[in-house]
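Q: Sequence and predicted model, in that order:
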Amino acid sequence: MSTNGQVAILGAGVMGETLLSGLLRAGRRPGELLITERREERATELRERYGVDVVTNVEAAAKAETLVLVVKPQDMPELLAEIAPVIQPTQTVVSLAAGITTGFIESRLPEGVAVVRVMPNTPALVDEGMAAISRGAHCDESHLVLAEGLLAATGRVIRVPEKQQDAVTAISGSGPAYIFFVVESMIEAGVHMGLPRTTATELVVQTLVGSAKLLRETGEHPTVLRERVTSPGGTTAAAVRELEDHKVRAAFLSAIEAARNRSRALAAE
Ligand SMILES: NC(=O)C1=CN([C@@H]2O[C@H](COP(=O)(O)OP(=O)(O)OC[C@H]3O[C@@H](n4cnc5c(N)ncnc54)[C@H](OP(=O)(O)O)[C@@H]3O)[C@@H](O)[C@H]2O)C=CC1
Ligand SMILES: O=C(O)[C@@H]1CCC=N1
């Protein structure tokens, strides 16, 4: 591998900026990082906010040891066509794009380039991210360790076989959105019942954080924790009965399967 240690983030939107800020918080110096952006206005914003160099995709691909691709799946073919002529097999490509397989990327780059596929999520912004990584055809242990080192700056990292990545995307990549949807719904319920919005928000957010901590710190199964809240003939039982009547569990299953199917379809667009 090339050893200048430089990491280029190609496409610094929501997820690219999240990774960039996490790497800086974790102690990387701005000089070790490069970013690329399509719009000049966004490039200026990021340069001023983080003190990092903003370069072209070709410059980044010619220079950095590790290229982290964080454009939308639909923009990936164009980006790969742009950087393929300057990439060397000594560089490592790390893709964060949903649905885009390592094979898709490898087939558009010079033979032998190591590609690692990653599915992160936005809690990375507060160092509570969950990322799953998978090896491409030309990866060895050093490439996986390199990708783990990047993602560990913003949270937890696990390794999964690539065939699981669409399901991972549906559960943890998209997962924060489902949680925020539940949070919105609970706050709205509080407001409907006459609670001030600020009160309802504080109640729901702390209940979420407390429940998440309870799950992690006790290691108990969620069913056990739910049963402990559910007094016979009480308020929770009345609420859960409504959730079951409205088929909320089945709706989650369908929703997450839809996300998995959408991930599978993205590379074909
Ligand atoms: N957001 C999330 O929660 C997660 C996202 N991902 C993946 O991360 C990737 C990015 O998503 P997200 O950050 O949300 O999307 P964004 O649209 O916020 O970010 C993508 C950025 O890349 C820029 N861009 C597009 N094409 C190029 C190019 N050729 N060269 C340089 N910059 C370019 C875009 O510019 P412009 O604004 O002009 O389009 C935009 O700023 C996606 O592939 C997504 O699947 C993965 C997990 C979670
Ligand atoms: O919605 C999306 O396609 C991206 C991938 C996972 C989260 N956001």
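A: Great, that's in hand. Ligands and ions are numbered 1, 2, ... in the order given.
Q: make it CA atoms for all contacts and neighbour counts henceforth
A: Fine.
Q: What helix or strand is the nearest residue to E162 once chain neighbours are set aside located in?
A: Excluding the flanking residues, the one nearest E162 by Cα to Cα, 6 or more residues apart in numbering is S134, at 5.2 Å. Following DSSP states H and E, one finds S134 within strand 129-135.
Q: could you give the mean pLDDT of stretch 121-137?
A: Averaging pLDDT along stretch 121-137 gives 98.
Q: Identify the residues contacting the residue nearest to E162.
A: V116, R117, V118, L144, R159, V160, P161, E162, Q165 (Cα atoms under 8 Å, 6 or more residues apart in numbering).
Q: can we see that at 6 Å?
A: Counting by Cα atoms under 6 Å, 6 or more residues apart in numbering, S134 touches V116, R117, R159, V160, P161, E162.
Q: Please apply the same query to L225.
A: Contacts of L225 (Cα under 6 Å, 6+ apart): none.
Q: just the one 5 residues further on next, same as before
A: Residues in contact with T230, defined by Cα under 6 Å, 6+ apart, are T236, A237.
Q: and what of P73?
A: So P73 contacts A97 (Cα under 6 Å, 6+ apart).
Q: pLDDT below threshold where in the protein?
A: 1-3 (pLDDT under 70).
Q: how does it look with 50?
A: Residue ranges of the chain with pLDDT under 50: 1-2.
Q: Sketch out the helices for it, chain order is fine.
A: 14-25, 40-50, 57-63, 76-83, 102-106, 141-151, 165-168, 175-192, 197-218, 222-229, 235-245, 248-266 (DSSP state H).
Q: just the ones you listed: most buried one?
A: Comparing these by mean neighbour count (mean count of other Cα atoms under 10 Å), helix 165-168 ranks first with a mean of 22.
Q: ok, residues contacting that one?
A: R260, S263.
Q: tell me which parts of the stretch 51-200 of the chain are close to ligand 1?
A: 70-73, 75, 79, 96-98, 119-122, 173 (Cα under 6 Å from any ligand atom).
Q: And the nearest residue to L23 once chain neighbours are set aside, how far from S142?
A: Spatial nearest neighbour of L23, excluding adjacent residues (Cα to Cα, 6+ apart): A153 at 5.8 Å. Using Cα to Cα, to the nearest Å, we find A153 at a distance of 17 Å from S142.
Q: That's all I had, so thanks and see you.
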